[in-house]
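[1] fold the stuff below for me.
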Amino acid sequence: MRRGKNQKGAAVVEFAVLISLLVIFLFGIFEFGFLWLSSYYIANSAREGARVAAKISGILPADTTKRRTAAEAAVDRYLAEHLLFADEMGTAGFRVTSYNDKSFTVNVGGTNITVPTSEVTVTVQTHMVWTPILWPLLNILIPGNNFELREVTQTATFAIE
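    Numbers count the residues shown, from 1 in each chain. All right, here's what the predicted structure looks like:
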């Protein structure tokens, strides 16, 4: 099959367009995968902090100072062991852990029982360590949208024993 004179180089142009779309697609997969993995670790650190704060034995439920300290230490330990950017743990404002005592009421057999809980919220400032490569490109390609991720926040609550 013969190609006309105007068909020369068409395959190269098609390849260039397709390879650029493929590279953008692969960067998107890597970036969103990294984001999902980081969110997973941050959620687990919040659960670990709430679990440790709730399970401390020998401390009254009203003693929030010791529970808060234990929760923050557990969050730091978990993030330092698992997070991909653990070298940023010492950066001020990178990770914010808040601890709250809450309670909820459960009706058991017609009797209302109040259950004290430990609630830990972990917020990681992602813009301090990771600037996505693909999102500025999306802002150029889709004007008027602001694709930006500044932080990942996860909350966990455990009943105090």
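[2] hey, let's count contacts and neighbours off CA atoms from now on
    Noted.
[3] now do the helices in this structure.
    Remark: helices assigned in the chain by DSSP state H are 10-55, 64-82, 134-141.
[4] which neighbouring elements make contact with the second one?
    Spelled out, that is helix 64-82. On a contact count with 3 or more Cα pairs under 8 Å, 6 or more residues apart in numbering; DSSP states H and E, helix 64-82 meets helix 10-55, strand 95-108.
[5] and it, how far out from the chain middle?
    Centroid separation between helix 64-82 and its chain, computed with Cα atoms, centre = their mean, to the nearest Å, is 17 Å.
[6] for the first one, same thing?
    Relative to the chain's own centre, helix 10-55 is displaced by 11 Å; criterion: Cα atoms, centre = their mean.
[7] distance check, residue 106 against residue 156.
    Per Cα to Cα, to the nearest Å, residue 106 is found 19 Å from residue 156.
[8] rewinding a little: please identify the most buried of the helices and strands packed on helix 64-82.
    Highest mean neighbour count of the helices and strands packed on helix 64-82: helix 10-55, a mean of 17 (counted as mean count of other Cα atoms under 10 Å).
[9] quick one: mean pLDDT over it.
    Computed over helix 10-55, the mean pLDDT rounds to 85.
[10] report the angle between that helix and helix 134-141.
    Orientation note: helix 10-55 sits at an angle of 130 degrees relative to helix 134-141 (axes from the mean of the first three to the mean of the last three Cα atoms, to 10 degrees).
[11] ok, the residue most central in space within the chain to residue 120 distance?
    For the chain, the residue nearest the mean C-alpha position is residue 39 (2.5 Å; Cα atoms, centre = their mean). For residue 39, the distance to residue 120 equals 15 Å [Cα to Cα].
[12] got it, and residue 87?
    Residue 87 is 23 Å from residue 120, by Cα to Cα.
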